[in-house]
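Chemist: here are the coordinates; sequence isn't available:
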């Protein structure tokens with residue numbers, strides 16, 4: 001993999017402003033297409049029928065989802081609503097917007113689901129999905145199968161948590177393209193609250209006491225800049241090997257567990273989507289098809305075209 005390393009001083013500028021649209025456009029234009037490459041180290045595909053998408057459900061007053069684009073819990077809801085073919089409005093929250101979610105549900109969280117025709121608002125991704133999948137106004141009910149409780153996929157997710165945080169978090173803000181990070185305050189709010197490995201949340205954020213005020217913001221910006229400056233080759237190679245492991249666990253290119261589209265897919269795909277923001281990732285064939293198929297089915301785009 002060819003990696004261009006910027007100077008630390010330049011990257012500190014990126015951390016403070018996390019890049020102009022021009023620099024991002026140039027970066028995207030110059031980057032490799034390796035993230036779109038599928039490797040042939042893939043387990044045999046099962047000939048499984050894809051999910052049959054129901055007719056479009058369009059309410060006179062459209063439901064609204066309040067989300068962050070990068071947030072996997074938000075992506076869960078967007079994917080489920082897309083799979084069920086429910087027309088809805090998406091309100092992308094700025095990452096530093098506290099007032100909007102607080103006015104809706106009393107605190108800064110996402111996703112939030114609003115149903116204007118009922119003057120109804122709720123949070124929590126799985127509760128929202130249960131709501132839309134059991135309400136006949138949103139088409140056929142109980143189309144999304146329950147979670148199977150697969151321990152192998154959960155163990156895999158846990159095993160790559162540190163690796164993915166290291167690769168993904170700096171790239172979220174460095175692209176300058178995600179809607180929640182369009183302004184400097186939003187980018188800094190994310191950096192302030194999201195630690196990079198090996199730091200833990202209490203060390204990064206503090207607890208609000210004079211004894212533990214948290215890490216200085218300038219140091220956080222420097223650490224994010226250094227993470228972007230570091231050669232990612234070894235980390236990406238590790239991730240490529242881990243994806244081959246996951247490919248073996250995947251039941252088919254349409255759903256990860258036998259039986260059909262389920263909450264297993266809602267959770268797994270929502271987490272895997274963020275990997276597409278990392279340039280140079282080589283996807284096993286079946287897993288890459290799975291990512292593309294559910295992106296199209298759920299009408300939730302991937303990040304390949306802005307990968308860094």
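Modeler: Structure's in. What do you need? Note that this is a predicted model, so its numbers are computed, not measured.

Chemist: after whichever helix in the chain runs longest comes which helix or strand?
Modeler: Counting residues, the longest helix found in the chain (DSSP state H) is helix 233-249. Next helix or strand after helix 233-249 toward the C-terminus (DSSP states H and E): helix 263-272.

Chemist: from the contact counts, what lies against that next one?
Modeler: If you count contacts as 3 or more Cβ pairs under 8 Å, 6 or more residues apart in numbering; DSSP states H and E, helix 263-272 packs onto helix 72-83, helix 125-134, helix 151-159, helix 285-298. C-beta coordinates here come from the backbone N, C-alpha and C atoms, glycine included.

Chemist: need the winner for burial among these.
Modeler: helix 72-83 (a mean of 24; mean count of other Cβ atoms under 10 Å).

Chemist: same for the very next helix or strand once past that helix, what does it pack against?
Modeler: Later in the chain than helix 72-83, the nearest helix or strand by DSSP H and E is strand 89-92. Strand 89-92 sits against strand 64-67, with contacts defined as 3+ Cβ pairs under 8 Å, 6+ apart.

Chemist: what about the strand it packs on, average pLDDT?
Modeler: Averaging pLDDT along strand 64-67 gives 98.

Chemist: touching that strand from outside, list them.
Modeler: With Cβ atoms under 8 Å, 6 or more residues apart in numbering as the test, strand 64-67 has contacts from 74-75, 77-78, 81, 88-93, 100-101, 104, 110-114, 116, 128.

Chemist: whichever of those residues end up buried, select them in PyMOL.
Modeler: Selection of buried members from those for PyMOL, criterion 16 or more other Cβ atoms under 10 Å:
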select buried, resi 74+75+77+78+81+88+90+91+92+93+101+104+110+111+112+113+114+128
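
Chemist: what is the mean pLDDT for stretch 74-89?
Modeler: Stretch 74-89 comes out at a mean pLDDT of 98.

Chemist: can you give the distance of it from its chain's centre?
Modeler: 14 Å (Cα atoms, centre = their mean, to the nearest Å).

Chemist: ok, stretch 189-202 next?
Modeler: Here stretch 189-202 shows a centroid-to-chain-centroid distance of 17 Å under the convention Cα atoms, centre = their mean.

Chemist: pull out the buried positions in it.
Modeler: 189, 190, 191, 192, 194, 195, 196.

Chemist: check which helix or strand covers the first one.
Modeler: Per DSSP H and E: residue 189 is located in helix 184-193.

Chemist: which residues touch the very next helix or strand once past that helix?
Modeler: Per DSSP H and E, helix 184-193 leads on to helix 201-205 as the next helix or strand towards the C-terminus. Applying Cβ under 8 Å, 6+ apart, the contact partners of helix 201-205 are 192, 193, 194, 195, 196, 212, 214, 215, 220.
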